[in-house]
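>>> The amino acid sequence is not available; the structure is as follows:
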C-alpha cells in the first residue's frame, strides 16, 4: 500500500512465518501456511508484489494480488502485520491516485499527514446528527423538486450515456465554486480516456485543485477496482475530520459489484442472485454508511455527502445492485432514456425519483414552491395528452398548459449553473405570468437578465429580500409589486 512497504526478507525476519502459493486464479491465489494471519492484512510475496487476505480456511488462505501479472505457483509469501492502509494529507487535493494511494498525476511523492486503514468501520449513531443544511446544486430540477441535504446519500441511476456523471460533476463543481465542500471523484473501472476527459473538465471549471480523483481503470485487475471506493471514502473521512464538508461521487458501483462478484466466484463462495455473493448488500452498505452528517468538536457539524452512481439496463430499476443501493440510500435520482431521447436535459424522471431527507432542509417557501410545481406538471401532462386527442380545452386548462410549458423550460437546463435564489425568482415570474415565455429563446433572454441582475450587489440584496418571505402568497405579492423585477420582465416593443 502507500505506507513504506517492508521487503519480503524484512517481514520474514520479523514474523518468522511464510506460506506457499498452491493455486492461482489471477488475481486470486490460494496460500498454504501463514498461521495467525488476519482478514484484510497485507502480505508480501518474494517476487516483491503485494496482496491482501480475503478469506481464511482451516489449512489455507485466499488472497487477492495487486498486480496485473499472475503469481507463479510455489512462490512464498509472508505477513506484514499491517492492515490495508493509505497515506492521506492536504497535498492529495488536485491529484489523481490509484486504489493503493499511489499518485498517478505526477512523479513527485506527496507529504503524508497520517496513515489510515481503508476498511474503517462507520461511525455510530451517537456521532451523527440530523441533516439540516441544504446542499445547493445549481440545477433547478434538483434544488426545487428533488432537494439534497449535506450528509445525504443520494443514488444516481439510469442507462449508460444519459447524463448521470454530468449531473454529479455539476453538483461537485457548484459546491466547490461556492467554497462549501472538498470534492472526491471516484472512477471505478473507467476507461483511461474517460478519466482524462473528466480531469480536463474539472480543470476547465477551475476546481481541480480542490478535488481528489481516486481512479482504477478498466484494464486494472478486479482487486484494484474492488479497493477503489474504500480508498476514496478514506480520503473523504480525512477531510471530514479536519472540519471540511465533502462531496464524494462513486462512478459507478455497478462495476464495483461486478469486480467483487468476480473475486468471490474465483474464491468459490456460494453464489446468490445473478451470481453475486451473499454479502454484496453488506459490502455496499458498509461503504455507504460511512457517509452522513457528523458531530465535530470545532465546526459543530461536518458532512460527507455521497452520490453513488449505478447503471441500469433498458430502464430496468429492478436489477439486483440497483435495488440494493436504493434500499440503503436516502433517495434516488432516476435518469430516463426516453426523456433523454426527447432532448430534455437533465433527463430526470421526476415521478420516479425520490429524496427522503432533503425536504427537511428546505424553507417553508421552497417547500410550497416544490408542491406547486409538482402539481402543475402533473396537470400539464394530463392536459397535454387530452389536447393531442383533439379535445377542446377550457380557459383554465389553457392557462395550466401555458404555465406547465414555461415550467418545463425552467427545469430543463444544459450545463449552466443557476443559483437557487435565481431559480425562485424565475418561478415567481412564471407563476405570475409577468413575462411571455413560450419558447427557449425567450426563456434564455429572461434568464440572462435575471442572472445579470443577481450578479450586481444591489440586485442580489433585492432578490434575497424578496425570497425571505415566509409564505408563497407573501412572496408572490412582494414580487408582483417590485418595480425592479417588472423592469427585468418588460419586453421592448418595436416603434
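Received, thanks. Just so it is clear, the structure is predicted and the values come from calculations on it, not from any experiment.

>>> Do a quick rundown of the strands in the stretch 251-400 of the chain.
Listed in chain order, the strands of the stretch 251-400 of the chain (DSSP state E, counting those that start in this stretch) span residues 292-296, 300-311, 331-335, 354-355.

>>> Could you dump these into CSV with mean neighbour count and mean pLDDT added?
C-beta: built from backbone N, CA, C; applies to glycine. Listed next are the strands of the stretch 251-400 of the chain as CSV, based on neighbours: other CB atoms under 10 Å; pLDDT from 0 to 100:
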stretch, mean neighbour count, mean pLDDT
strand 292-296, 19, 96
strand 300-311, 24, 97
strand 331-335, 24, 97
strand 354-355, 18, 95
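
>>> of all those strands, which lies closest to residue 143?
strand 354-355 (10.9 Å; CB to CB).

>>> which strands and helices sit next to that closest one?
Under the contact definition 3 or more CB pairs under 8 Å, 6 or more residues apart in numbering; DSSP states H and E, strand 354-355 sits against strand 331-335.

>>> What lies in contact with the strand it packs on?
142, 146, 152, 154-159, 162-164, 167, 317, 325-326, 346-349, 352-358 (CB atoms under 8 Å, 6 or more residues apart in numbering).

>>> Could you give the bridge partners of the residue nearest to the spatial centre of the chain?
Among the residues of the chain, residue 307 comes closest to the average C-alpha position under CA atoms, centre = their mean, at 2.2 Å. Applying DSSP bridges to residue 307 gives these bridge partners: residue 249.

>>> Surely it is in contact with residue 253?
No - between residue 307 and residue 253 no contact is recorded; they are 10.7 Å apart, counting by CB atoms under 8 Å.

>>> all helices in the stretch 301-450 of the chain, in order from the N-terminus.
320-328, 337-341, 364-388, 395-411, 420-431, 440-455 (DSSP state H, counting those that start in this stretch).

>>> buried ones in the helix or strand hosting residue 224?
Using DSSP states H and E, residue 224 falls within helix 222-241. The neighbour-count check on helix 222-241 (16 or more other CB atoms under 10 Å) flags 222-240 as buried.

>>> So for that helix, mean pLDDT?
For helix 222-241, mean pLDDT rounds to 97.

>>> Tell me the gap between it and the middle of its chain.
13 Å (CA atoms, centre = their mean, to the nearest Å).

>>> angle of it against strand 300-311?
On the basis of axes from the mean of the first three to the mean of the last three CA atoms, to 10 degrees, helix 222-241 is oriented at 150 degrees to strand 300-311.

>>> and the closest residue to residue 244 other than its chain neighbours, how many neighbours?
Nearest in space to residue 244, with sequence neighbours left out and distances taken as CB to CB, 6 or more residues apart in numbering, is residue 182 at 5.0 Å. By the criterion of other CB atoms under 10 Å, residue 182 has 26 neighbours.

>>> What's the per-residue pLDDT of residue 182 here?
At residue 182, pLDDT is 95.

>>> That one and residue 243 touch, don't they?
No - using CB under 8 Å, residue 182 makes no contact with residue 243, being 10.6 Å away.

>>> Low-confidence ranges, the protein, go.
Applying pLDDT under 70 to the chain flags residues 1-5, 107-109, 387-393, 491-495.

>>> Now the buried members of the contacts of strand 331-335.
Buried, going by 16+ other CB under 10 Å: 142, 146, 152, 154-159, 162-164, 167, 317, 325-326, 346-349, 353-355, 357-358, out of the contacts of strand 331-335.

>>> How much space separates residue 179 from residue 210?
9 Å (CB to CB, to the nearest Å).

>>> show me the contacts for residue 230.
Residue 230 touches 99, 118-119, 287, counting by CB under 8 Å, 6+ apart.
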